[in-house]
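Visitor: Just need the structure, nothing else, for what follows:
(2 chains)
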Number of protein chains: 2
Amino acid sequence: MLLVNGDRRETLPVSDRGLQYGDGLFETIEISDYQPVFFDRHLKRLKNGCRRLGIPFPAADILAEEAATLCRESSGRAVLKIIITAGSGGRGYRRPEAVETTRILSLHPYPDYPEVFNTRGIHTRICQTSLGINPALAGLKHLNRLEQVLARAEWTDPVIQEGIMLNSAGHVIEGTMTNLFYIKDHAVYTASLEQSGIAGIVRDLIIQIARQHQLKAEELNYTLDQLLTAEEIFVCNSIIGIWPVNQIEQIAFRCGPITQKIQQWLADYKQETLCREQ
Amino acid sequence: MLLVNGDRRETLPVSDRGLQYGDGLFETIEISDYQPVFFDRHLKRLKNGCRRLGIPFPAADILAEEAATLCRESSGRAVLKIIITAGSGGRGYRRPEAVETTRILSLHPYPDYPEVFNTRGIHTRICQTSLGINPALAGLKHLNRLEQVLARAEWTDPVIQEGIMLNSAGHVIEGTMTNLFYIKDHAVYTASLEQSGIAGIVRDLIIQIARQHQLKAEELNYTLDQLLTAEEIFVCNSIIGIWPVNQIEQIAFRCGPITQKIQQWLADYKQETLCREQ
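Guide: Numbers count the residues shown, from 1 in each chain, chains lettered A, B, ... in the order given. Prediction:
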């Protein structure tokens, strides 16, 4: 199910700058019990991304209304994707003077990941494809995602669930579709995203919730060597929640107690948010 | 005028990975006297790009036939754009096992740049937006072009024709829509594109033609300070040919004799190629 600028269409003009240049942004949102989870946070990130890229942000109430329409038509548990582009027009890379934003909302089945990924964790690998360094794009969930596509194409082994990506300066940044955290000496660490990477909604939440529970949470630049000395490691995103990492290449990690605590805090926070918004 | 997988359509499924992730490549080709100029070279680059990205390359004769159809319908002098994407399907960043390539050919008016740009040169500026470093993507004319879009959005002054972009390591790489050369001590230099940038068709040709005329042509990593000591500077692409640079920010450069020689060599080579293919 699809809404393109409010119309039920499955296609987009070829001239759209989203296709021509990847000139846009997207959000991937969990639908739980017919509600878009953390919707305010997704909208806020989208609005901030539009501001940074110079794309006019569509009226939030229109986006909310269209999202609600698709949620009602869903099976209750699903994935909502919102794409915002700079629309058609302009001369080459130069945008038209008055950008007419394109908004695309689409509904997708909730992926059938087994529950053991949450409880017993996942196997990961280190990707050869690196992330570029660009402060102007860092943090944004924009449509230029070839680095992730190439990284994900590096393996087909179904035992491996996620690949860990470094940037061109050799810092560990994130998974191909997740943010990455590690735990050491009763503190939780994740990559600084000032130069590379995507600032995930759940990543932000975990930092916030950890601090509320007096667990030190810090963003930093760190190397693979530092990561391998971690006591616990986990990845997260809006759809999977938190998956412990029990293996990186051949090195095993335990699915430990602090990760489990954070999973519980996140589940509680999500429940509260959903109840409050109902 | 548009051909999408051979059909006369103006739209593309929203699910196409070209839109979703910028998972594809493009070529911008001059049409002169109803012929696509340097078409073999464009196809070769596209094929090489597909190989590097792991996208099946469409049959070259189909692309040639579709290009010929649009050339016949053109006004004789126009621009042909070819976009190749990894098609629809897959699970997130992961492509489907059998990728079904999308091919899009579109016809555009030839831009009305004044002739003085070729003879007397253009004004340029230095862009704040930098190019990322990624050996896996460097050289490719792929669809992830937000860096160029943001760089081009930095100025609106109509006196400025092009912006010069550095990469995150501080090396001068290219213009937002052109490759950049400089001339010093009877030799011509351009950026090495092993880490950033697009390997232009005309850039390759200029290196080849210069060497055929016993003019030293070299690729290197160089800084803005080095560029500013140049005797002559020019930018190039498949549509504009060669434009001398007569100003970078407030610093003037002369539109000099070696640039003019290279312009003439390129014009001669183009004429020969067109005559040979007719």
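
Visitor: how much space between the residue of the stretch 1-150 of chain A found nearest chain B and A:Glu97?
Guide: Closest to chain B within the stretch 1-150 of chain A is A:Gly132: 2.4 Å, counting by CB to the nearest CB. To be clear about C-beta, it is placed using only N, CA and C from the backbone, and glycine gets the same treatment. Relative to A:Glu97, A:Gly132 is positioned 29 Å away (CB to CB, to the nearest Å).

Visitor: out of the two, which sits in the more crowded spot?
Guide: Remark: of A:Gly132 and A:Glu97, A:Gly132 carries more neighbours, 27 against 8, as counted by other CB atoms under 10 Å in any protein chain shown.

Visitor: so who does that one touch?
Guide: Counting by CB atoms under 8 Å, 6 or more residues apart in numbering or on different chains, A:Gly132 touches A:147, A:167-168, A:196, B:132-134, B:137, B:168.

Visitor: So A:Thr124 sits against A:Trp155, correct?
Guide: No: taking CB atoms under 8 Å as the definition, A:Thr124 is not a contact partner of A:Trp155, at 10.1 Å.

Visitor: what do the two both touch?
Guide: Shared contacts of A:Thr124 and A:Trp155, counting by CB under 8 Å, 6+ apart, come down to A:Gly163.

Visitor: A:Met177 is in contact with A:Glu162, isn't it?
Guide: Yes: if you go by CB under 8 Å, A:Met177 and A:Glu162 touch, sitting 7.0 Å apart.

Visitor: residue boundaries of the strands in the stretch 101-250 of chain A?
Guide: A:102-109, A:122-126, A:160-166, A:172-175, A:179-184, A:187-191, A:216-220, A:232-237, A:241-248 (DSSP state E, counting those that start in this stretch).

Visitor: Each with direction, which strands does the first one pair with?
Guide: Each strand that strand A:102-109 pairs with, and the sense of that pairing, follows from DSSP bridges: strand A:2-4 (antiparallel), strand A:78-85 (antiparallel).

Visitor: Show the average pLDDT along the longest one.
Guide: Taken as a whole, strand A:78-85 carries a mean pLDDT of 98.

Visitor: and if you look at stretch A:188-206?
Guide: 98.

Visitor: Check stretch A:100-110 too.
Guide: Stretch A:100-110 comes out at a mean pLDDT of 97.

Visitor: starting at the chain centroid, how far to it?
Guide: 15 Å (CA atoms, centre = their mean, to the nearest Å).

Visitor: ok, and which of the strands paired with strand A:102-109 has the densest surroundings?
Guide: strand A:78-85 (a mean of 22; mean count of other CB atoms under 10 Å in any protein chain shown).

Visitor: who wins for proximity to B:Arg51 among the strands paired with strand A:102-109?
Guide: Judged by CB to CB, the one of those that comes nearest to B:Arg51 is strand A:78-85, at 28.5 Å.

Visitor: In CSV, please show the C-alpha coordinates belonging to the lengthiest helix in chain A.
Guide: When chain A is parsed with DSSP state H, its longest helix is helix A:257-277. Presented in CSV, the C-alpha positions along helix A:257-277 are these (Å, rounded to 0.1, in the frame of the first residue of the first chain):
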residue,chain,number,x,y,z
PRO,A,257,23.2,-8.7,31.8
ILE,A,258,23.6,-5.0,31.0
THR,A,259,22.3,-5.5,27.4
GLN,A,260,19.4,-7.4,28.9
LYS,A,261,18.7,-4.5,31.3
ILE,A,262,18.7,-2.0,28.4
GLN,A,263,16.4,-4.2,26.4
GLN,A,264,14.0,-4.2,29.3
TRP,A,265,14.2,-0.4,29.8
LEU,A,266,13.6,0.1,26.1
ALA,A,267,10.6,-2.2,26.1
ASP,A,268,9.1,-0.4,29.2
TYR,A,269,9.7,3.0,27.6
LYS,A,270,8.0,1.9,24.4
GLN,A,271,5.0,0.5,26.3
GLU,A,272,4.6,3.7,28.2
THR,A,273,4.9,5.8,25.0
LEU,A,274,2.3,3.7,23.2
CYS,A,275,-0.1,3.9,26.2
ARG,A,276,0.3,7.6,26.5
GLU,A,277,-0.4,8.2,22.8
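
Visitor: Could you list the buried residues of it?
Guide: For helix A:257-277, the neighbour count (16 or more other CB atoms under 10 Å in any protein chain shown) marks A:258-260, A:262-263, A:265-266, A:269-270, A:273 as buried.

Visitor: what's the answer for stretch A:208-226, then?
Guide: Here stretch A:208-226 shows A:209-210, A:215, A:217, A:222 as buried, counting by 16+ other CB under 10 Å.
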